[in-house]
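Chemist: What follows is a protein structure lacking sequence information:
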């Protein structure tokens, strides 16, 4: 690596646990900073594919995932250097609790703490203080002292019940030397809607711009933004060349993109464009097929289970994709994998016929949560890479496999906990698919 060079200042928004208000605070800050005329850039720790779209809506700039488990350090630094060079401020939203990750070598656990330490970003801690007052200081103190790599620079209180409640918690926290930057009252009128995989997608959220403006106004009145901005520290980025996160699988790539196919990691699209690939988007829900002059088709994850009837009746999409697959490779991730199969059973138990390019049938009637990091090794030469290539990524879905079919498996799958390896996905000719979402080539950027 080359020497460290400072780029725009940054902060990391974190909490001791999920559900504390990180997204509300982050989106409100992003929009408020944009309204102040700052070129603010939003990032997200970990493999979440929904929050970056909200960050993009709040800032007018593409979002970014930063994942210390799936991405090697040089790749992380290259992504921040490339995407934040024109920004005045970087705000990174943490995942889960500040220190939550998986067993791994130091700095590679996937935790928010790893990302804050990697870039020297001070942590703004948001605390849900419902059901407590002075005891919140003990939680704040623990977060501030647990990891010597980190600097917890300030605290925001959330779900304040009264002036007295706020005073008790604030005084206790400030006695341990941490500034309280503000307190958020309960505000159900600006709550973002959710569904089974998290927030309803940004593109589907009604009156999103109005909601973001309301969030910004809410944050402006509750938080000392000038004081918060003063706590940001220069991002310590190693400027170095790094291999692309994931090599483009074709020169002209047809990508399904609509409400049913929306789980696209921004860094993959950016890296494909940077490598010279041309991206051609189409909408299966609008009954569009992949362009015949493309040399690869990518069906991302999303919510096909919510649109199964419409997909099953999209004749041009179905026939066009089947014809495309006779000449060129097609790959499906998670929801895209489900659509590649013979059938999809929705939550009401109704079966909808899908592409039939792979032999499986999936069910959303019989649900089971599958969640976590995945490390896979390809078992065949495919457009994703040669046999033996290793990829890192993530799996998050509730679908089950109702019929396995007889396709050859795509890869050997391992999780982050040393569980017994298993086979995943399917291969039939040039068609491949699995529930696995690719984040990067294993070792990409090392």
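Modeler: Structure's in. What do you need? Since the model is a prediction, treat every value here as computed from it, not as a measurement. Residues are numbered from 1 along each chain as shown.
Chemist: what mean pLDDT does stretch 375-386 have?
Modeler: For stretch 375-386, mean pLDDT is 94.
Chemist: and the end-to-end length of that stretch?
Modeler: Stretch 375-386 has its terminal residues 16 Å apart, counting by C-alpha to C-alpha, to the nearest Å.
Chemist: Secondary structure element holding residue 54?
Modeler: helix 51-59 (DSSP states H and E).
Chemist: Give the buried residues for stretch 17-24.
Modeler: 20-24 (16 or more other C-beta atoms under 10 Å). From N, CA and C alone the C-beta is placed, and that goes for glycine too.
Chemist: how far out from the middle of the chain is it?
Modeler: Averaging C-alpha positions (C-alpha atoms, centre = their mean, to the nearest Å) puts stretch 17-24 15 Å from its chain's average.
Chemist: what's the answer for stretch 30-42, then?
Modeler: 20 Å.
Chemist: right, and residue 307 touches residue 283 too?
Modeler: No - Residue 307 is beyond contact range of residue 283, at 10.9 Å (criterion: C-beta atoms under 8 Å).
Chemist: So for those two, which sits in the more crowded spot?
Modeler: residue 307 (22 against 16; other C-beta atoms under 10 Å).
Chemist: need the longest strand for this structure.
Modeler: strand 4-14 (DSSP state E).
Chemist: Mean confidence (pLDDT) on that strand, please.
Modeler: The model assigns strand 4-14 a mean pLDDT of 82.
Chemist: So which elements touch it?
Modeler: helix 22-35, helix 73-84, strand 89-93, helix 112-119, strand 123-128, strand 233-238 (3 or more C-beta pairs under 8 Å, 6 or more residues apart in numbering; DSSP states H and E).
Chemist: ok, 6 Å please
Modeler: Helices and strands touching strand 4-14, as assessed by 3 or more C-beta pairs under 6 Å, 6 or more residues apart in numbering; DSSP states H and E, comprise helix 22-35, strand 89-93, strand 123-128, strand 233-238.
Chemist: in the helix or strand following the third one, what's buried?
Modeler: Which is strand 123-128. Next helix or strand after strand 123-128 toward the C-terminus (DSSP H and E): helix 136-146. Buried residues in helix 136-146, counting neighbours by 16+ other C-beta under 10 Å, are found at 136-137, 139-141, 143-144.
Chemist: And for stretch 350-367?
Modeler: Those would be 351-352, 354-355, 357-358, 360-365, for stretch 350-367 by 16+ other C-beta under 10 Å.
Chemist: got the residue ranges for the helices in this structure?
Modeler: For the chain, helices defined by DSSP state H occupy the ranges 22-35, 51-59, 73-84, 112-119, 136-146, 163-175, 208-222, 225-230, 266-274, 308-312, 315-325, 335-340.
Chemist: How is the protein partitioned into domains?
Modeler: Listed by automatic domain parsing, the domain ranges of the chain are 4-238, 252-441.
Chemist: What is the end-to-end distance of the last one?
Modeler: End-to-end distance for domain 252-441, by C-alpha to C-alpha: 20 Å.
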